[in-house]
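Novice: build the 3D model from these lines:
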Amino acid sequence: MTLKVKNDRVTNDGWNALYKRFEEDGLLPAADNKPKRGILNSTGMKWVAVAAVACICIISALVIHNMNTGSQEMYTLHNEENAPTLVTTLEDGSVVYLNQQTSIEYPVHFEKDRRRVSMQGDAFFEISKNRERPFFIETENARIEVLGTAFNVVSKDKDSFSLSVKHGEVKVTLKQSGQSTHVKAGETVLLDSDNLQKTISSDKGKFDGYLKQIHFKDERLTDVIRIINMNSESTKLSVSPHLGDRLLTVTFSDNTPATMAELICLALNLKYTQSDNVITIEDIKN
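Specialist: Below is the predicted model of the structure:
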């Protein structure tokens, strides 16, 4: 089990360590980039770049590519081979669990009338419900339309695709033929000979596999707590509101809520108390 936390520090040594970490994670552009990024060669502007990256709270397992698609600023998040499930929260509160060797591309800000991402690999989605802004997932061979539901998608190349719904309903449309089908809770749709085939889900425990070992990287404490509670049937965690924006990097390996609370407190120098089935995380001085 690993545990690491990035603490805000304004000392020169702290900024140097933070800059090195962003550089290793690929969050800062290379020195030979176009002139508008060339300011990073300046020692003074280097700290401005680090502060900007820290403030927008970008998360990454391996690398995030900053690019423009039209007027949208896009990020790509990739989880490496043999890594734990990488968990990230999107702007709308939707949660994505990336299995190993999986990538997702998403905008910093969703459009007003729709939410759109693209992915390749194996991921589980818990989508925040918003009928005014449907959620679309683009894979190499299919388009998935969601209003609010939980499901997993496996799409590693143009010849493979499967989707299983945990709860709710999604619409899947093949890009090449236009064939579409609605998939409900307990159902799975597969790509077979260029056609969508729907069956009853046989593996009831497939969704639990994403949770056995999960990794958060520079996630807001509020979001970490919310995701833990979404996946806990009994004990719930609570955090003092003023601590919610603290950033946390941590890996949990099939831990109980109490153990996760203990690890969080150890990482962020906090304490917790438990009353019945509620664990409250707060400042040590309280």
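Novice: residues contacting the nearest residue to residue 185 once chain neighbours are set aside?
Specialist: Leaving aside its chain neighbours, residue 185 sits nearest to residue 167 (4.7 Å; criterion: Cβ to Cβ, 6 or more residues apart in numbering). Quick note: C-beta positions are derived from backbone N, CA and C, even for glycine. By Cβ atoms under 8 Å, 6 or more residues apart in numbering, the residues touching residue 167 are 149-150, 185.
Novice: drop anything exposed from those.
Specialist: 149-150 (16 or more other Cβ atoms under 10 Å).
Novice: check which helix or strand covers the most centrally placed residue in the chain.
Specialist: Most central in the chain under Cα atoms, centre = their mean is residue 88, positioned 1.6 Å from the mean C-alpha point. Assigned by DSSP states H and E, residue 88 falls within strand 85-89.
Novice: gap between the residue nearest to the centre of the chain and residue 219?
Specialist: Here residue 88 is placed at a distance of 7 Å from residue 219 (Cβ to Cβ, to the nearest Å).
Novice: and what of residue 210?
Specialist: Taking Cβ to Cβ as the measure, residue 210 falls 16 Å from residue 219.
Novice: do the same with residue 145
Specialist: 27 Å.
Novice: out of these two, which sits in the busier spot?
Specialist: Neighbours per residue (other Cβ atoms under 10 Å) separate residue 145 from residue 219, with residue 219 holding more: 21 against 16.
Novice: a strand runs through the more buried one, doesn't it?
Specialist: Yes - counting by DSSP: H, G, I helix; E, B strand; the rest coil, one finds residue 219 located in a strand.
Novice: was I right about it contacting residue 90?
Specialist: No - between residue 219 and residue 90 there is no contact under Cβ atoms under 8 Å: 11.7 Å.
Novice: isn't residue 248 up against residue 268?
Specialist: Yes - Residue 248 is within contact range of residue 268, at 6.6 Å (criterion: Cβ under 8 Å).
Novice: just the pLDDT at residue 245, thanks.
Specialist: Per-residue pLDDT puts residue 245 at 95.
Novice: that one looks like it's in a helix, true?
Specialist: No - according to three-state DSSP, the state of residue 245 is coil, so it is not within a helix.
Novice: find the residue closest to it in space, skipping its chain neighbours.
Specialist: According to Cβ to Cβ, 6+ apart, the nearest residue to residue 245 is residue 220 (5.7 Å).
Novice: likewise residue 131?
Specialist: residue 147 (5.7 Å).
Novice: what about the one you found, neighbour count?
Specialist: Using other Cβ under 10 Å, residue 147 has 17 other residues around it.
Novice: got a pLDDT number for it?
Specialist: 76.
Novice: my guess is it contacts residue 132. True?
Specialist: No - contact criterion Cβ under 8 Å: residue 147 and residue 132 do not qualify, at 9.8 Å.
Novice: so where's the stretch 151-286 of the chain shaky on pLDDT?
Specialist: Along the stretch 151-286 of the chain, the model assigns pLDDT under 70 to residues 286.
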